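Engineer: Just the structure for this:
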Amino acid sequence: MINRFIEENKDNILSTICELIKIPSISIENENDSKNPFGEECTKALNYTLDLAKSMGFKTKNIDGYCGYIEFGEGDEMLGIIGHLDVVPAGDGWTKCKPFEPIIEDDKLYGRGAIDDKGPVVASLYAMKYVMDTMNVHKRVRLIIGLNEEVSWKCIEYYKSHEELPTIGFSPDADFPCIYAEKGFLNAYIDGHIPSTENIKINSLTCDNAINIVPKYAECELCLCDIDLSTFESEIYNIVSENNFHIKMEKINDTKVKLISTGVAAHSAHPDLGVNALSRLLILLNRIFDLYNINIPILKYVDEKINTTFNGELLDMNCEDESGNLTINISNLKFENDNLTIGLNLRIPVTIYPTIIKQKIADSTIDYGDVCVKFSDEKPALHVPKNDFLVTTLCDVFNEVTGQNAEPITCNGATYARAFKNVVSFGCNMPGHVDLCHQADEYIEISNLLTAVEIYIKAIWKLTSD
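Structural biologist: Below you'll find the predicted structure:
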């Protein structure tokens, strides 16, 4: 019965995901727009999904444009399935298709949002449809849909302050078999002044990049005075060559040059999977200034104290536990009126208090003059015991469907699971498969997507039949 339902609805599932991908639902915060607090495209994606769900027989609600839900069933208790329809910016480097023009090729559906999180949301919706039509449940089942997950989670905070909270649940926004622990999440902003110098002046520094993405592009324009251009170019390329940086210098005129740094984008949760164009550019700048005996404290701080990742030795403490190491992504910057602000995204192991990390980082700036740090968007870690009923049930369902014997895992990402009690992340990426979330040529494997529908059907049944 389940396999027949999935096969009969395969085309509907894929076309629904494609229609959602065609909507460039990048969350743009605008509190002055009461109808579209996260932009018209996010509203369009939400309304499309709610309208579809209503036509399928579900109860739906648009919660003031901030979020929405799709529900069936009865009872005092509620199983929550929490996903999102907003996506990160398209980015460049796509080769299979344009980011918002999905294609299907070789058992893969390509497009921005295919795996994060439009595909999994649609898989959950169709799983709910099967359970609603064929099974008796003893709880309400509610698919909660956010529109600001990739930015600051204002959508889910709005939901929590206006609607009923789930009793138990999962978020289809990470990996199978089940994630029982997610690292803490913290953004830090390093501020410093770029003093005027006689030989080298920074005219511009540019890296407009999302805080949760490893930047693949950054550039800088320098003005040179009484510096031989060929000598300067040689010094640049010596540093670039020694460090295997992908940075090139372009001559603008006899006194101006542009430095262009390129890398590889990745999710901030896994900075080691990317190549950080911004961190390398800042390191290069510091070492060039050092050659000319110019001290720029904020650049020296980045080079000496941050670079690409914190580690236990740097912070003089053990920064690793079962959830992994403390990591930091140098995400973006703002350079204005000779003031530089560098945005950092940290993922903190579940057993380490963020307060300690914040103090360690603040202490690390003390010896660097006017360099200071501010923090924002702190999200606590999620840690549910591995033997908890929810974790064991979801793992059992996954193993039953796939024939595996997988154990629950941890992750560096931050999903909506941590926004609620008794909720964990559950799929939709399969173990051992490449996850191109936030990257070019993002895709979801169709066979895995359909397997996820079966997994979600059985998970909903197991969690609502008692």
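Engineer: could you measure the residue nearest to V87 when sequence neighbours are not counted against L390, distance?
Structural biologist: Leaving aside its chain neighbours, V87 sits nearest to G113 (4.3 Å; criterion: C-beta to C-beta, 6 or more residues apart in numbering). All C-beta spots, glycine's among them, are computed from the backbone N, C-alpha and C. Using C-beta to C-beta, to the nearest Å, we find G113 at a distance of 27 Å from L390.
Engineer: Look at the two and report which has more neighbours.
Structural biologist: G113 (30 against 20; other C-beta atoms under 10 Å).
Engineer: how about the more buried one, secondary structure?
Structural biologist: coil (DSSP: H, G, I helix; E, B strand; the rest coil).
Engineer: Return the per-residue confidence for it.
Structural biologist: Looking at G113, its pLDDT stands at 98.
Engineer: and if you look at D396?
Structural biologist: With respect to pLDDT, D396 scores 98.
Engineer: L315 too?
Structural biologist: 54.
Engineer: Numbering from 167 from now on, please.
Structural biologist: Let's use 167 as the start, then, which means that last one is L481.
Engineer: lowest-confidence helix or strand of this protein?
Structural biologist: Within the chain, no helix or strand scores below strand 486-487, which has a mean of 76 by mean pLDDT, DSSP states H and E.
Engineer: so what strands line up beside that strand?
Structural biologist: strand 490-491 (antiparallel) (DSSP bridges).
Engineer: roughly how far is the next helix-or-strand element following the strand it pairs with from the heart of the chain?
Structural biologist: Sequence order places strand 493-502 as the next helix or strand after strand 490-491, per DSSP states H and E. Distance of strand 493-502 from its chain centroid, counting by C-alpha atoms, centre = their mean, to the nearest Å, is 15 Å.
Engineer: Excluding its own residues, what touches strand 493-502? List them.
Structural biologist: Outside strand 493-502, the residues within contact range by C-beta atoms under 8 Å, 6 or more residues apart in numbering are 354, 360, 368, 370-381, 384, 434-435, 437-438, 442, 444-445, 448, 468, 472, 474-476, 506-513, 578.
Engineer: about what we covered before: what's the residue nearest to V253 in contact with, if anything?
Structural biologist: Taking C-beta under 8 Å, 6+ apart as the test, what G279 contacts is L186, I187, S191, L251, V253, G285, E608.
Engineer: Please apply the same query to L457.
Structural biologist: Contacts of L457 (C-beta under 8 Å, 6+ apart): E401.
Engineer: Next one: it from E401, what distance?
Structural biologist: 6 Å.
Engineer: just L510 next, same as before
Structural biologist: Separation of L510 from E401 (C-beta to C-beta) stands at 28 Å.
Engineer: what ranges do the helices span in this protein?
Structural biologist: Taking DSSP state H as the test, the helices found in the chain are 168-187, 206-221, 284-300, 320-328, 395-409, 443-457, 463-467, 520-530, 555-568, 612-630.
Engineer: Out of these, the one nearest G490 is which?
Structural biologist: With C-beta to C-beta as the measure, helix 520-530 is the member of the helices of the chain nearest G490 (14.3 Å).
Engineer: could you say what helices and strands the closest one packs with?
Structural biologist: With contacts defined as 3 or more C-beta pairs under 8 Å, 6 or more residues apart in numbering; DSSP states H and E, the packing partners of helix 520-530 are strand 350-359, strand 505-514, strand 538-545.
Engineer: Buried residues of the second one, list them for me.
Structural biologist: Translated: strand 505-514. Buried residues in strand 505-514, defined by neighbour count with 16 or more other C-beta atoms under 10 Å: L506, I508, G509, L510, N511, L512, R513, I514.
Engineer: OK, contacts around the nearest residue to E488 once chain neighbours are set aside?
Structural biologist: Leaving aside its chain neighbours, E488 sits nearest to T576 (6.2 Å; criterion: C-beta to C-beta, 6+ apart). T576 makes contact with I345, Y346, A347, E348, K349, E488, S489, G490, V516 under the criterion C-beta under 8 Å, 6+ apart.
Engineer: beta partners for the first one?
Structural biologist: Yep, that's I345 we're talking about. Applying DSSP bridges, one finds that I345 bridges with I575, S591.
Engineer: ok, it touching A583?
Structural biologist: Yes: counting by C-beta atoms under 8 Å, A583 is a contact partner of I345 at 7.4 Å.
Engineer: I'd like the helices and strands packed on helix 520-530 written out as CSV, with mean pLDDT and distance to S591 added.
Structural biologist: Formatted as CSV, the helices and strands packed on helix 520-530 follow (pLDDT from 0 to 100; distance: least, C-beta to C-beta, whole Å):
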stretch, mean pLDDT, distance to S591
strand 350-359, 94, 13
strand 505-514, 94, 14
strand 538-545, 92, 14
